[in-house]
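# For reference, the sequence and a predicted model appear below.
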Protein chains: 2
Amino acid sequence: MNSRRDFLQKVSLGIGVTALSGLPALSCSTNSDGKQDKQLRVAIMGLGGYANIVAKGMQECKLAKITGVISGTPSKVETWKKQYGIPDKNVYNYENISQLKDNPDIDLVYVITPNSLHHKHVLQVAAAGKHVICEKPIADNAKQAKEMIDACAKAGVKFYIGYRLHFEPHTRELIRMREAGEFGKVMHVNNYAGFKIGDPTQWRLKKALAGGGAMMDVGVYSLNGARYCTGEEPIWVTAQESKTDTVKFKDVDETVTFQLGFPSGIIANCGCTYNFNHVENLKLMGEKGWAELNPAFGYGPIKGVTHLGPIDQPDVNHQAYQMDGIAESILNNKPDPNVTGQEGLKDMIVVDAVYESLRKGGAKVFINKS
Amino acid sequence: MNSRRDFLQKVSLGIGVTALSGLPALSCSTNSDGKQDKQLRVAIMGLGGYANIVAKGMQECKLAKITGVISGTPSKVETWKKQYGIPDKNVYNYENISQLKDNPDIDLVYVITPNSLHHKHVLQVAAAGKHVICEKPIADNAKQAKEMIDACAKAGVKFYIGYRLHFEPHTRELIRMREAGEFGKVMHVNNYAGFKIGDPTQWRLKKALAGGGAMMDVGVYSLNGARYCTGEEPIWVTAQESKTDTVKFKDVDETVTFQLGFPSGIIANCGCTYNFNHVENLKLMGEKGWAELNPAFGYGPIKGVTHLGPIDQPDVNHQAYQMDGIAESILNNKPDPNVTGQEGLKDMIVVDAVYESLRKGGAKVFINKS
């Protein structure tokens, strides 16, 4: 991808790239083949669809590489071993995770298992003394999220959530403009994320594995987007639900609309669905200007426009950018990007409130900040 | 406006124009100068900003013309008399409305007074035996709306609401496509209407004259749009409010978000504001396709795009189209377009529910269809 290389090139030259929201600008010493001498060695846990996307993306990484896998499916392991040159000694299953602690070739485990297993798996990885990235949503609820943060702190390992969009250049530019006051006071946000889900047998439609439906999965994009569009934390939540297919969605939510009230008076009016397409946009309305990302949340290309015109940023591989960004912090002991467990917890507090509002028939739920 | 002439030309030739939603395709016999022999003779009540826009638009009408005014401001009357050739005998004030009944040169009164006066004025016009168009919102609440409908029925006069978009070609095409099933089952609607209001002394910011704020005014566009996007009547409503300027908006609502639940399971997630710009869009998501109007609610040009591409319809003068459409029904005794008092009442039932939800802190309000 030329555009990504161009961007990295700019980064290493310090041109036009600014650190945002605690995210350090990428910089590193590289050797003759463009790879840094030291790389973050990553084991992937859970070899499903998204793990494949991450692994493919990581082939573009300069600062991170795949060195191991954790899986319960031997056939998948064989494929991955061949594809990514993983030695037998770096292959684990769900019964021997604790043995990771004796493996000097794995620095970090990327947990890409079904949502409801995140809590258990992150605790196991932390106990094995490895850093961890956990795919979003962080957990089933805020209580689990806090336990995961505490466990990682106690074990002295770093804990990140796979918020790839925090590394995505159009999204970062929108945040930069908002922080620089280019939209003036933010007045309103209107975000939608969703798609029509396929295979009715998949784990995402089973509450015991997914923790919830559209809200727990794609709803987190709308919600996280509302938080980075405002730079505030919501103080109240209302939510509404629609279920038109009671067979496919008997176990989880199908379509949820939710509103977040922020301290400055901003309302973010959001939605998410598993049952229709053409809903992937983020819109920020300010006193002096506006911004729209559409598509806003997919794997790219992200497209954006503001009152000043199109957002002119490169298309990048989201997964590679995320992994290099996190590796940069760990390898060079730099400030963490804004994708730590705390960011996951902040979203999960709101997700809890959304489900509470739904249980209470749409009642306004106030968020206790304590 | 060539585009409008082109469109009327198409109408008279019967090309590409279909009757929608009970709205008859325009057709009439015209004489050599393009005017129908008989025209609807209209008196305008209330000579404010929108009355001027209506009067200018009506210069393009074939089936309607301005023959009178009702105003409490002599200086405005003088201007209108000159501009539109109105004789003294067709000039009324708010004290002598009842005398309209003796005037054979006025068929209909278009009430364009502040919202909270609509009820009183429509009752007075009906009592004088004249047909009436009332600007939207129909009234302060559904109770008043019902009284107005009953009074007009009892007086044997026709009663319309100024829903100009029901005559607007892009909007009509969207409704036609929805009715023809081109979007498949409608799954979701997301509408926004609003603008940053200017002059803080205007009647729209006084509850006693406006009946409410953004919701009562521009909110009706979002709401009416949700109804024509779905073809259904909502069964529940939730609403949320934000007030960031408690001086300017001390009397009325500033920004309201509201959700409408429809019998088929569709949620329409809507918003309206008096305190920011760049919020004038309507979005329909269906199982087979989608549509977006943006801008959706202004005086034009309306722009639309669907999954099939841009909506290719002419830009027309909304006010002229509305007046010719209504005149066509009255003069030729044709079925009424879908802009009668009943349509206004249907919106007002929902507006009542929105305000009830706001009073109850966002609680879900079920609409009693009886």
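Sure, I can see it.
# in chain A, which spans are helices?
Across chain A, reading from the start of the chain, the helices by DSSP state H fall at A:2-13, A:49-58, A:74-84, A:118-127, A:142-155, A:169-179, A:207-210, A:219-230, A:318-331, A:341-359.
# Columns distance to B:Lys283, mean pLDDT and mean neighbour count on top of the ones you listed, output as CSV?
Glycine gets a C-beta too; all of them are placed from N, C-alpha and C. Shown next, in CSV, are the helices of chain A (distance: least, Cβ to Cβ, whole Å; pLDDT from 0 to 100; neighbours: other Cβ atoms under 10 Å in any protein chain shown):
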stretch, distance to B:Lys283, mean pLDDT, mean neighbour count
helix A:2-13, 30, 34, 15
helix A:49-58, 29, 98, 18
helix A:74-84, 40, 98, 14
helix A:118-127, 33, 98, 23
helix A:142-155, 32, 98, 19
helix A:169-179, 20, 98, 21
helix A:207-210, 27, 97, 16
helix A:219-230, 15, 98, 26
helix A:318-331, 26, 98, 24
helix A:341-359, 22, 98, 22
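# Save those helices as JSON lines, and put in distance to chain B too.
As requested, the helices of chain A are arranged in JSON lines below (distance: least, Cβ to the nearest Cβ, whole Å):
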{"stretch": "helix A:2-13", "distance to chain B": "27"}
{"stretch": "helix A:49-58", "distance to chain B": "24"}
{"stretch": "helix A:74-84", "distance to chain B": "34"}
{"stretch": "helix A:118-127", "distance to chain B": "29"}
{"stretch": "helix A:142-155", "distance to chain B": "22"}
{"stretch": "helix A:169-179", "distance to chain B": "15"}
{"stretch": "helix A:207-210", "distance to chain B": "20"}
{"stretch": "helix A:219-230", "distance to chain B": "11"}
{"stretch": "helix A:318-331", "distance to chain B": "25"}
{"stretch": "helix A:341-359", "distance to chain B": "9"}
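# In terms of pLDDT, where does the most centrally placed residue in chain A sit?
Nearest to the mean C-alpha position of chain A, by Cα atoms, centre = their mean, lies A:Tyr163 at 2.2 Å. Among the per-residue scores, A:Tyr163 holds a pLDDT of 98.
# contacting residues around it?
For A:Tyr163, the contact set (Cβ atoms under 8 Å, 6 or more residues apart in numbering or on different chains) comprises A:Lys136, A:Asn224, A:Gln322, A:Asn338, A:Val339, A:Glu343, A:Gly344.
# Give me the distance between the fourth one and A:Gly231.
This points to A:Asn338. Applying Cβ to Cβ, to the nearest Å, one obtains 11 Å for the distance of A:Asn338 from A:Gly231.
# So for the two, which sits in the more crowded spot?
Relative neighbour count places A:Asn338 above the other of A:Asn338 and A:Gly231, with 18 against 14, counting by other Cβ atoms under 10 Å in any protein chain shown.
# isn't the more buried one right up against A:His166?
Yes - using Cβ atoms under 8 Å, A:Asn338 makes contact with A:His166 at a distance of 5.6 Å.
# what is the mean pLDDT for the longest strand anywhere in chain A?
Of all the elements of type strand in chain A, the one with the most residues (DSSP state E) is strand A:186-194. Here the mean pLDDT over strand A:186-194 is 98, rounded to a whole number.
# From the chain's centroid, how far away is that strand?
In terms of Cα atoms, centre = their mean, to the nearest Å, the centre of strand A:186-194 is found 18 Å from the chain centre.
# What of stretch A:247-263?
The chain centroid and the centroid of stretch A:247-263 are separated by 19 Å under Cα atoms, centre = their mean.
# Could you work out the end-to-end span of stretch A:225-237 for me?
For stretch A:225-237, the first and last residues are 15 Å from each other (Cα to Cα, to the nearest Å).
# who touches A:Gly362 in this structure?
Under the criterion of Cβ under 8 Å, 6+ apart, the contact list for A:Gly362 reads A:Thr238, A:Ala239, A:Gln240, B:Thr238, B:Gly362, B:Ala363, B:Lys364.
# which ones are touching the third one?
Contact partners of A:Gln240, counting by Cβ under 8 Å, 6+ apart, are A:Val256, A:Thr257, A:Phe258, A:Leu358, A:Gly362, B:Thr238, B:Gln259, B:Gly261, B:Ile267, B:Lys364.
# Since that was my last question, I'll sign off now.
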